[in-house]
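1. Have a look; sequence and predicted model below, questions after that.
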Amino acid sequence: MNTTDLRALASAFERKAARCEACMALVCPGWESMPAGFDAAVLERVGTLRDPADEDPTLAEHHPNGTHGWSAEAPIAPAFFPYNRCDVWRCRACARPFLRYTEYGGYYQDERVRELDGELLSDATP
């Protein structure tokens, strides 16, 4: 998937005042750890932002306005980390779109999730 695909997915979802019961635990405008006990079967994978031709995607992040990786206002730039390692998911019940990737540390793995906000999408390239 590319930025155009993400824009279409984000605009296809009609934001509602009330949160869907199925994905309510994923109130995550910025990156968050997947909540313990969350039933991931509620989400369906709809694509990936990974480039199969790039075996070592950049670890550079895109923060032109002083945001950081955990900022709710941080741009969603598919060519940059962590988006270049994300899969794209949506709630089976309400179609709310999410981005997910796994953070790998020395002794841990942390599955991270962020709600897709089409207004934060960026076509920036490294």
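-> Sure, I can see it.
2. quick one, strands of this structure?
-> In the chain, the strands defined using DSSP state E lie at 32-33, 43-48, 87-91, 97-104, 109-115.
3. among the ones you listed, which is the most enclosed?
-> Among those, ranked by average contacts under mean count of other Cβ atoms under 10 Å, first place goes to strand 87-91 (a mean of 20). Just so you know, the C-beta spots here come from the backbone N, C-alpha and C atoms, and that holds for glycine as well.
4. Residues contacting that strand, please?
-> With Cβ atoms under 8 Å, 6 or more residues apart in numbering as the test, strand 87-91 has contacts from 1, 6, 9, 13, 20, 22-23, 26, 42-50, 96-101, 116.
5. go on, stretch 102-113?
-> For stretch 102-113, using Cβ under 8 Å, 6+ apart, the contacting residues are Leu26, Cys28, Trp31, Glu32, Ser33, Met34, Pro82, Phe98, Leu99, Arg100, Tyr101.
6. Stretch 11-29 now?
-> Against stretch 11-29 from outside (Cβ under 8 Å, 6+ apart): 32, 34-35, 38, 42-43, 72, 90-98, 113-115, 117-118.
7. Include mean pLDDT when you put the strands of the chain into JSON lines, please.
-> Output for the strands of the chain, formatted as JSON lines (pLDDT from 0 to 100):
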{"stretch": "strand 32-33", "mean pLDDT": "92"}
{"stretch": "strand 43-48", "mean pLDDT": "97"}
{"stretch": "strand 87-91", "mean pLDDT": "95"}
{"stretch": "strand 97-104", "mean pLDDT": "92"}
{"stretch": "strand 109-115", "mean pLDDT": "93"}
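8. With distance to Leu59 as added columns, please give those strands in TSV.
-> What follows is the strands of the chain, written out as TSV (distance: least, Cβ to Cβ, whole Å):
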stretch	distance to Leu59
strand 32-33	19
strand 43-48	18
strand 87-91	18
strand 97-104	12
strand 109-115	15
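9. Tell me which of those strands approaches Thr67 most closely.
-> Ranking those by proximity to Thr67 (Cβ to Cβ) places strand 109-115 first, at 12.8 Å.
10. by how many degrees do that closest one and strand 43-48 diverge?
-> With axes from the mean of the first three to the mean of the last three Cα atoms, to 10 degrees defining the directions, strand 109-115 sits at 90 degrees from strand 43-48.
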